[in-house]
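Q: A predicted structure for the sequence below; I have some questions about it.
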Amino acid sequence: MSPSPILLDRVAARATDRQPRQRPSREEAEAAVRTLLRWIGEDPDREGLQETPHRVVKAFQEHFKGYLVDPADILRKTFEEVEGYDEMVVLKDISFESHCEHHMAPIIGKAHVAYLPVRRVVGISKLARLVEAFAKRLQIQERMTAQIADAIQEVLQPRGVGVVIEATHHCMTTRGIHKPGSLMVTSRLLGEFKTNPETRREFLAIVGKSGGELLR
């Protein structure tokens, strides 16, 4: 059974509803970096900084490339020759790098993603790409967790979805309150992962102690 076009459109719209409607030019972006350099007291024309605006804009293209990706399209291709397999599919320790939308500081962490298939599965690399698509945007961890789980549920329509994310936020480890070593853990459980205690326990046992402690 293929996902409904309405569902695909809904996921795509939800993923892109925060995109700017008109993107500034590269020249405008580089000029903005030069302004920031002057604001902190630097001279953007000195030798060591002459190429910095270009490099920063290029880095931003990589950091935020998720805005150009349609998450629904990642999950569109599925496989039905699974010999009746209907047990849990888990991909754990998916490393990611994101940036918080409040300070544009790095969020470094890993995601654990699971679902209970109904007649069809998606390639495991697609789960990692889905995490990447949402991570490469300005984010808060709670929203990113929900976006990943909701996209899988709406497009694949499995019996349930479980997502746990563990991450370090540089906005509180390298600035502000300065608490290095702190780890934020968020989760979203849908379908049988939420309603069936045995399914939930199995998922959390696979994920490991940190996710399990939060969700008991």
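A: Good, I have the coordinates. Numbering: from 1, shown residues only.
Q: Sketch out the low-pLDDT regions of this protein for me.
A: Counting by pLDDT under 70, the chain contains low-confidence ranges at 1-21, 209-216.
Q: Could I get the full set of helices for the protein?
A: Secondary structure of the chain by DSSP state H: the helices cover 5-16, 26-39, 52-63, 71-74, 124-135, 141-156, 170-173, 192-195, 197-207, 209-215.
Q: which one of those helices lies closest to E80?
A: Nearest to E80 among the helices of the chain is helix 141-156; the distance by CB to CB comes to 11.9 Å. Yep, even glycine has a C-beta here, placed from its N, CA and C like the rest.
Q: Show me what the closest one is packed up against.
A: helix 5-16, helix 71-74, strand 106-116, helix 124-135, strand 160-169, strand 184-191 (3 or more CB pairs under 8 Å, 6 or more residues apart in numbering; DSSP states H and E).
Q: Which of the ones you listed sits closest to R26?
A: helix 5-16 (21.0 Å).
Q: May I have the residues that are in contact with H102?
A: 140, 171 (CB atoms under 8 Å, 6 or more residues apart in numbering).
Q: rerun at 7 Å
A: C171 (CB atoms under 7 Å, 6 or more residues apart in numbering).
Q: Tell me the spacing between it and P44.
A: According to CB to CB, to the nearest Å, H102 and P44 sit 26 Å apart.
Q: now do I148
A: 39 Å.
Q: So if I had to pick from those two, which one is more boxed in?
A: Shown here are I148 and P44; by other CB atoms under 10 Å, I148 has more neighbours (24 against 16).
Q: R76 versus the closest residue to T168 other than its chain neighbours, what's the distance?
A: Nearest residue to T168, sequence neighbours excluded (CB to CB, 6 or more residues apart in numbering): I108, at 5.2 Å. With the distance defined as CB to CB, I108 ends up 29 Å from R76.
Q: Out of the helices and strands packed on helix 141-156, which is closest to F96?
A: helix 124-135 (4.0 Å).
Q: which residues touch the closest one?
A: So helix 124-135 is contacted by 66, 69, 71, 74-75, 91, 94, 96-98, 111, 113, 144, 147-148, 151 (CB under 7 Å, 6+ apart).
Q: count of residues packed around V131?
A: By other CB under 10 Å, neighbour count at V131 equals 28.
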